[in-house]
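[1] next come a sequence and a model predicted from it.
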Amino acid sequence: MELKEKTKLMDKDAIERALERIAHEIVERVKSIDDIAVIGIKNRGAYLGRRLAEKLAQICGKRPDVGALDITLYRDDLTQVAEQPVVHATEIDFIIDDKKVILVDDVLFTGRTIRCALDALIDFGRPAAIQLAVLIDRGHRELPIRADYVGKNVPTSLKEVVEVRLEESDGKDEVVICEKLDEQ
Amino acid sequence: MSNKFIWTKKDLLGLEYLSAEEINHILYTAASFKEVTTRQIKKVPVLRGKTVVNLFYEPSTRTRTSFELAAKRLSADVINIAVESSSVRKGETLIDTGRNIEALKIDIIVVRHSASGAPNILARSVRSSVVNAGDGWHEHPTQALLDIFTLKEKLGRIEGLKVSIIGDIAHSRVARSNIWGFIKLGAKVTVCAPEKLIPVGIEQTGVHVTNDINEALEDADAINVLRMQFERDSKLAFPSALEYFKQYGITSDRIKKCKKNIVVMHPGPINRGVEMSSEVADGANSVILEQVTNGIAVRMAVLYLVALAKKPTSSLPAKVENM
């Protein structure tokens, strides 16, 4: 499938500011940083989770627990996808029981990834609450799921693809909308 | 490491038929599954609705249990068929048995057989995935994979390591799978045994052959000590267990002369006082129980990969396929 870049939605500064604002919103809503654990969904959500934890540390003077979740084993489309997904390791080396878990992902779309992540998290324990933070909410939900913290709401068409590129995986920070070119 | 690699084989028949890339992909996937085995709830829903059949033509407790646990931790259903109590006793062929099991709408057959090559035949006869759990003197791929996984976890790499495989090489499927796996990943492999327990032509695989235990231990980063089967094949070639222990047994005196951090592996079950002394088996260099633990993660990875392989390609090279 070929993609054509259409619009740039966010640059490095915009991503930075969005994370900053989300961090402040989180602090406003929780009593203590000790109650929080930040868990990002691999791959890009995990990088964003780590950045968000740094922002929280700057605001509160203390870094919350940070983990990374691989949701491959919980996907509902494993028998349907064209290529077998690679299973990456989940890294949660703290107890999530009674914590307020901030689940972080780059793009919220159908909600199916988040459904997987919720199932996976519950296998790790019983958090006091799970809240969802995403950099982009592009709509088109297929499950009753919504985000608690959103960097940017972007109405999209189903022909479009939202690509979040991050320093850690792609060499630079930006969010772009691409369009799928019709296969000839 | 091998993040972009895509697995396509429906079976795991032997390490001889895999590329270094494929072996590394299994190891990478196994590392991810190892995390699952450390959770409080050691179960993921990835093979929900799939059925694994353990078809064992030879008695086995540890390998069968390990496969059974691996399958259950992936949420698959498991059926164990021990051949002593099955219609194979009434003369049914392997292919017929395979097709009948497949007609029950199962997904994976894990097979152990005393005849070398039996899993290859089965894999050609059924659409289900076939995993070799040991065939004759041919291969025992998941054992070698867990040996390699354990050593890599211990020393951080395989390439360039000196690995000595010591014991009855001739009658050992573990030895053959180890040789293929370690050589493909760039280790320097030495096999060491009394003359009659070295199979003819083994040096063609690229291993160094010696009858001298001191040469095998000197400079070795790791040793894999095989079980001496004096109740079976080994006794034909060597007079007595006591004599073997004197000449080849791994004792703490011998270990003291080795590299300080030498890793000691054994596929189990151990004959204490035959191929290895108790001090060594229970000593600081031994990773024998870690091997058992890692076996589950490795088998989870293998079951996941073969069960969900997309556009499956043949698991055997053409020359074997046409045999």
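    Thanks, I have it.
[2] what's the helix or strand for the residue of the stretch 151-300 of chain B found nearest chain A?
    Nearest to chain A, among the residues of the stretch 151-300 of chain B, is residue B:300, at 9.4 Å (CB to the nearest CB). Backbone N, C-alpha and C define where each C-beta goes, glycine included. Taking DSSP states H and E as the definition, one finds residue B:300 inside helix B:288-307.
[3] residue 71: how many residues sit nearby?
    This is for chain A. By other CB atoms under 10 Å in any protein chain shown, 23 other residues sit near residue A:71.
[4] meant chain B actually
    Neighbours of residue B:71 (other CB under 10 Å): 25.
[5] can you tell me which residues contact it?
    B:47, B:52, B:77, B:78, B:108, B:299, B:303 (CB atoms under 8 Å, 6 or more residues apart in numbering or on different chains).
[6] tell me how far the closest residue to it other than its chain neighbours lies from residue B:68.
    Nearest non-adjacent residue to residue B:71, counting by CB to CB, 6 or more residues apart in numbering or on different chains: residue B:52, 4.1 Å away. Note on residue B:52: its distance to residue B:68, by CB to CB, to the nearest Å, is 8 Å.
[7] give me the more crowded residue out of those two.
    When neighbours are counted by other CB under 10 Å, residue B:52 and residue B:68 differ, and residue B:52 comes out ahead with 26 against 19.
[8] need the contact list for that one.
    Contacts here follow CB under 8 Å, 6+ apart; on that basis residue B:52 touches B:67, B:71, B:76, B:77, B:78, B:79, B:106, B:107, B:108, B:109, B:110, B:303.
[9] could I get these as TSV with secondary structure and pLDDT?
    Below are the contacts of residue B:52 laid out as TSV (DSSP: H, G, I helix; E, B strand; the rest coil; pLDDT from 0 to 100):
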residue	secondary structure	pLDDT
B:67	helix	98
B:71	helix	98
B:76	coil	98
B:77	strand	98
B:78	strand	98
B:79	strand	96
B:106	coil	97
B:107	coil	97
B:108	strand	98
B:109	strand	98
B:110	strand	98
B:303	helix	98
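[10] now, which of these sits nearest residue A:93?
    residue B:303 (26.0 Å; CB to CB).
[11] burial measure for the closest one, as a count.
    28.
[12] with residue B:41 instead?
    Counted with other CB under 10 Å, residue B:41 comes out at 11.
[13] show me the shaky parts of chain A.
    Applying pLDDT under 70 to chain A flags residues A:183-184.
[14] thinking again about what came up before, which residues touch the residue of the stretch 151-300 of chain B closest to chain A?
    For residue B:300, the contact set (CB under 8 Å, 6+ apart) comprises B:30, B:33, B:36, B:37, B:70, B:73, B:74.
[15] hang on, the fourth one packs against residue B:74?
    Just to be clear, that refers to residue B:37. No: using CB atoms under 8 Å, residue B:37 makes no contact with residue B:74, being 11.0 Å away.
[16] comparing the two, which residue is more hemmed in?
    Comparing residue B:37 with residue B:74 by other CB under 10 Å, the one with more neighbours is residue B:74, at 25 against 16.
[17] next, the more buried one: phi, psi?
    The phi/psi pair for residue B:74 (degrees, to the nearest 10) reads phi -100, psi 10.
[18] generate a PyMOL selection restricted to the buried subset of the contacts of residue B:71.
    Per 16 or more other CB atoms under 10 Å in any protein chain shown, the buried members of the contacts of residue B:71 correspond to this PyMOL selection:
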select buried, chain B and resi 47+52+78+108+299+303
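[19] with respect to chain A, which of the contacts of residue B:71 is nearest?
    Distances from chain A to the contacts of residue B:71, taken by CB to the nearest CB, are shortest for residue B:47, at 9.0 Å.
[20] among the contacts of residue B:300, name the ones in helices.
    Taking DSSP state H as the definition of helices, the contacts of residue B:300 contribute B:30, B:33, B:36, B:37, B:70, B:73.
[21] nearest to residue B:154, of those residues?
    Out of the ones in helices among the contacts of residue B:300, the member with the shortest distance to residue B:154 (by CB to CB) is residue B:30, at 14.4 Å.
[22] excluding chain neighbours, what is closest to the spatially most central residue of chain A?
    The C-alpha lying nearest the average C-alpha coordinate of chain A belongs to residue A:105 (CA atoms, centre = their mean; 0.4 Å). What sits nearest to residue A:105 in space, not counting adjacent residues and going by CB to CB, 6+ apart, is residue A:45, at 3.8 Å.
[23] for the one you found, give me phi and psi.
    Listed backbone geometry of residue A:45 is phi -60, psi -30, with angles given as degrees, to the nearest 10.
[24] surely it touches residue A:108?
    No: the pair residue A:45 / residue A:108 is not scored as a contact, 10.1 Å apart, by CB under 8 Å.
[25] I figured residue A:10 hits residue A:175, correct?
    Yes: look at residue A:10 against residue A:175 with CB under 8 Å: they come within range, at 4.0 Å.
[26] mind listing the shared neighbours of these two?
    Common contacts of residue A:10 and residue A:175 (CB under 8 Å, 6+ apart): A:135, A:152.
[27] these two - which one has more neighbours?
    Per other CB under 10 Å, whichever of residue A:10 and residue A:175 has more neighbours is residue A:175, with 24 against 21.
[28] enumerate every residue touching that one.
    The contact partners of residue A:175, taken as CB under 8 Å, 6+ apart, are A:8, A:9, A:10, A:14, A:15, A:135, A:136, A:152, A:162, A:163, A:164, A:165.
[29] thinking again about what came up before, considering only the contacts of residue B:300, which also neighbour chain A?
    With CB under 8 Å from any CB of the partner chain as the criterion, the contacts of residue B:300 include B:33, B:36 near chain A.
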